[in-house]
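Colleague: the following comprises the amino acid sequence and a computationally predicted model.
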Amino acid sequence: MRNMIKLRIDVDYPYPSRLKSFLYTALNMKTSKDYLKNAKIIARMINESPKEVEAYWFFTPKTVPDRELLDMLNKDRHEVALHIANNPYEEMRLLEKSTGRKLRYYTTHGTARLLGRVIWRRFKVKVPEIPEEFPLESFYQFPILGLDWLCYANDTAKAVRISRKKIAEGKVLHIHPCWLFQRGTINYRGPFYQTLRRILNVDKEMETIAVKKKIFYKVANDTQEYVRDIIPTTNFIKKLEERRIDIFSFIERKWCNTLSNPPRFWVGTEDNIALLEVTTFDDWWKNVGKKTRNMVRKAEKSGVKTGVVKPNEELAAGIWKIYNETPIRQQRLFPHYGIQLQTVKNNIRLLQNCTYLGSYFQDELVGFIQLDNGHDVALISQILSLQKQWDKAVNNALIAKAIEFCANRKIRWIMYGRMGNHPSLDKFKQGNGFLKFPVTRYYIPITKKGQIAVKMGLHRAIKDVLPQQIKYLLIPLYNWISRNKMRIKLRLGS
């Protein structure tokens with residue numbers, strides 16, 4: 001079958017940590033904690049995949065599968081094979097005896113670097129010699145694509161496209177479990193979990209998970225937490241633990257749904273959003289202040305035309321121009337400044353469940369809103385306009401059009417970020433009818449490091465811990481630091 005996914009999996013090191021693997025291999029030690037952890041994750045993914053998959057597992061004497069992994073390697077999808085380290089015959093007998101499987105194929109474990117030769121006690125040769133009469137068949141006859149190498153040099157989307165093309169050509173995807181989540185610097189191998197997940201069409205709930213590294217722990221959240229309800233299951237938390245996530249954070253969308261009896265170990269904290277309930281456009285128009293109505297009228301009288309726009313290359317070019325107009329916005333550095341046009345095109349192409357509203361003046365895009373569409377809510381994830389056209393009240397026109405759009409499509413709520421982090425922006429939100437709505441943000445400690453971080457109060461950002469009065473006093477200082485960081489960056493870049 002040309003679209004059969006074939007995997008060559010070289011299990012050359014036993015633990016997710018390279019340092020631990022090197023140490024335990026060199027000292028001929030073994031511990032059950034994290035033993036073949038990444039291999040077990042890959043085996044689970046293969047078993048859950050709806051695709052046609054054949055996996056060939058190549059084990060060394062230091063990575064002989066334990067009972068847990070062996071039970072996962074059913075013979076329908078998995079075949080045990082030999083990754084020769086030193087002694088072909090002795091290692092073949094060991095693996096067959098330990099697994100109860102008859103072996104067909106072998107590969108060899110290369111040790112090009114001195115450290116590898118020391119660890120494996122192979123001082124004279126880089127690759128073990130294979131006797132001519134050796135009964136196993138070499139797996140090198142099959143063409144391969146090094147997936148961990150591919151993921152080092154390319155983003156996930158490109159790696160998936162290339163992999164699918166090579167699978168259709170009959171190539172075998174070659175992976176090493178130790179690089180499932182980490183990136184190498186010497187051997188140019190990169191984390192391939194996201195790419196493999198998409199190829200196998202599994203772990204879809206992990207698609208929108210974002211991970212941030214903190215002092216000594218990792219915090220994850222779902223980037224779609226505002227547009228759909230997040231209800232963490234035991235299986236979901238287990239998958240996060242597989243990825244070595246220490247804390248999972250999510251909000252309770254109280255305006256749409258409330259959680260009943262959350263577990264005690266979930267730590268709840270106060271948070272907020274800027275929220276507007278939509279009934280009709282006329283109701284909104286009556287309830288907002290006179291100043292806002294005048295600003296919307298001003299945009300119309302200035303010749304600004306606003307409406308839904310298609311996400312195409314023309315829109316991408318207009319957004320790119322807005323991004324690169326100025327490095328400073330709202331008195332602080334603007335993170336999108338300097339972005340490449342192709343990146344903007346790719347972002348627009350990849351985004352789903354999204355609506356763009358654009359404002360045009362003399363056929364030029366002078367402002368846009370990106371509305372992320374969710375369950376009974378639309379999220380304003382971006383609203384930007386050209387600074388040179390701010391006298392035309394473009395942003396007010398965009399907000400008015402967003403209200404009209406949601407009212408016509410019976411979308412009950414519009415969310416516009418948070419309140420309390422930017423005084424002038426808060427004032428703009430309030431002037432357009434948005435109210436500060438309290439929500440609960442939950443933190444679920446997954447690991448011991450996560451539990452320690454939560455007990456120490458490190459799970460929350462400093463800006464969320466500071467009292468509002470102190471935060472507002474520090475905002476000018478933050479803005480000054482932010483602006484100067486951008487100025488330094490621009491000088492170094494030039």
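Modeller: Perfect, thanks for sending it.
Colleague: ramachandran angles for residue 206?
Modeller: phi -90, psi 0 (degrees, to the nearest 10).
Colleague: that one: how many residues sit nearby?
Modeller: Neighbour count of residue 206, defined by other C-beta atoms under 10 Å: 17. C-betas here are computed from N, CA, C, even on glycine.
Colleague: go on, the one 4 residues further on?
Modeller: Burial of residue 210 is recorded as 10 neighbouring residues (other C-beta under 10 Å).
Colleague: that's a strand at it, yeah?
Modeller: Yes: assignment of residue 210 by DSSP: H, G, I helix; E, B strand; the rest coil places it within a strand.
Colleague: which residue packs closest to it, ignoring adjacent ones?
Modeller: Distances taken as C-beta to C-beta, 6 or more residues apart in numbering put residue 223 closest to residue 210, at 5.2 Å, once the chain neighbours are dropped.
Colleague: isn't the one you found right up against residue 212?
Modeller: No: using C-beta atoms under 8 Å, residue 223 and residue 212 do not qualify as a contacting pair, with a distance of 11.6 Å.
Colleague: the residue nearest to residue 210 and residue 379, how far apart?
Modeller: Distance, residue 223 to residue 379, using C-beta to C-beta, to the nearest Å: 11 Å.
Colleague: what about those two, which has more around it?
Modeller: Neighbour count, other C-beta under 10 Å: between residue 223 and residue 379, residue 379 has more, with 20 against 12.
Colleague: and that one, how far from residue 228?
Modeller: Distance from residue 379 to residue 228, by C-beta to C-beta: 10 Å.
Colleague: what of residue 416?
Modeller: From residue 416 to residue 228 the distance is 18 Å (C-beta to C-beta).
Colleague: neighbour count winner among these two?
Modeller: Each of residue 416 and residue 228 has its neighbours counted (other C-beta under 10 Å); residue 416 has more, 23 against 17.
Colleague: any idea how many residues pack against residue 265?
Modeller: 10.
Colleague: cool, and the one 10 residues further on?
Modeller: Applying other C-beta under 10 Å, we find 21 residues neighbouring residue 275.
Colleague: quick check: beta-bridge partners of it?
Modeller: Residues in a beta bridge with residue 275, per DSSP bridges, are residue 415, residue 435.
Colleague: low-scoring stretches of the stretch 1-150 of the chain, by residue?
Modeller: 1-2, 111-126 (pLDDT under 70).
Colleague: so where do the helices sit in it?
Modeller: 18-26, 37-48, 67-72, 88-99, 114-119, 147-153 (DSSP state H, counting those that start in this stretch).
Colleague: just the buried residues of the second one, please?
Modeller: Right, the one you point to is helix 37-48. By 16 or more other C-beta atoms under 10 Å, the buried positions in helix 37-48 come out as 37-47.
Colleague: repeat that for the fourth one.
Modeller: With burial defined by 16+ other C-beta under 10 Å, the residues of helix 88-99 counted as buried are 88, 91-92, 94-95, 99.
Colleague: the residue nearest to residue 210: what's it in contact with?
Modeller: When contacts are counted by C-beta atoms under 8 Å, 6 or more residues apart in numbering, residue 223 is found next to 208-210.
Colleague: same thing with residue 280?
Modeller: residue 407.
Colleague: how about JSON lines for the helices of the stretch 1-150 of the chain, with distance to residue 257 added?
Modeller: Listed next are these as JSON lines, based on distance: least, C-beta to C-beta, whole Å:
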{"stretch": "helix 18-26", "distance to residue 257": "43"}
{"stretch": "helix 37-48", "distance to residue 257": "28"}
{"stretch": "helix 67-72", "distance to residue 257": "36"}
{"stretch": "helix 88-99", "distance to residue 257": "48"}
{"stretch": "helix 114-119", "distance to residue 257": "53"}
{"stretch": "helix 147-153", "distance to residue 257": "37"}
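Colleague: ok, which of those helices comes nearest residue 242?
Modeller: Each of the helices of the stretch 1-150 of the chain was scored for nearness to residue 242 using C-beta to C-beta, and the closest is helix 37-48 (5.0 Å).
Colleague: alpha carbons of the closest one, in CSV - could you do that?
Modeller: C-alpha atoms of helix 37-48 as CSV (Å, rounded to 0.1, in the frame of the first residue of the first chain):
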residue,chain,number,x,y,z
LYS,A,37,9.1,6.5,28.4
ASN,A,38,9.2,8.2,25.0
ALA,A,39,9.1,4.8,23.2
LYS,A,40,5.9,4.0,25.1
ILE,A,41,4.3,7.3,24.1
ILE,A,42,5.1,6.6,20.4
ALA,A,43,3.7,3.0,20.8
ARG,A,44,0.5,4.5,22.2
MET,A,45,0.2,6.9,19.4
ILE,A,46,0.6,4.2,16.8
ASN,A,47,-2.0,2.0,18.5
GLU,A,48,-4.5,4.9,18.6
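Colleague: which residues sit against it?
Modeller: Contacts of helix 37-48 from elsewhere in the structure, counted by C-beta under 8 Å, 6+ apart, are 7, 9, 11, 15-16, 53, 55, 57, 63, 65, 68-69, 72-74, 77-78, 175, 177-178, 180-181, 193, 196-197, 200, 202-203, 242.
Colleague: quick one: buried ones out of the residues you listed?
Modeller: 7, 9, 11, 15-16, 53, 55, 57, 63, 65, 69, 72-73, 77-78, 175, 177-178, 180-181, 193, 196-197, 200, 202-203, 242.
Colleague: the stretch 201-350 of the chain: strands as residue ranges?
Modeller: For the stretch 201-350 of the chain, strands defined by DSSP state E, counting those that start in this stretch occupy the ranges 209-213, 218-222, 247-252, 267-277, 305-309, 328-329, 332-333.
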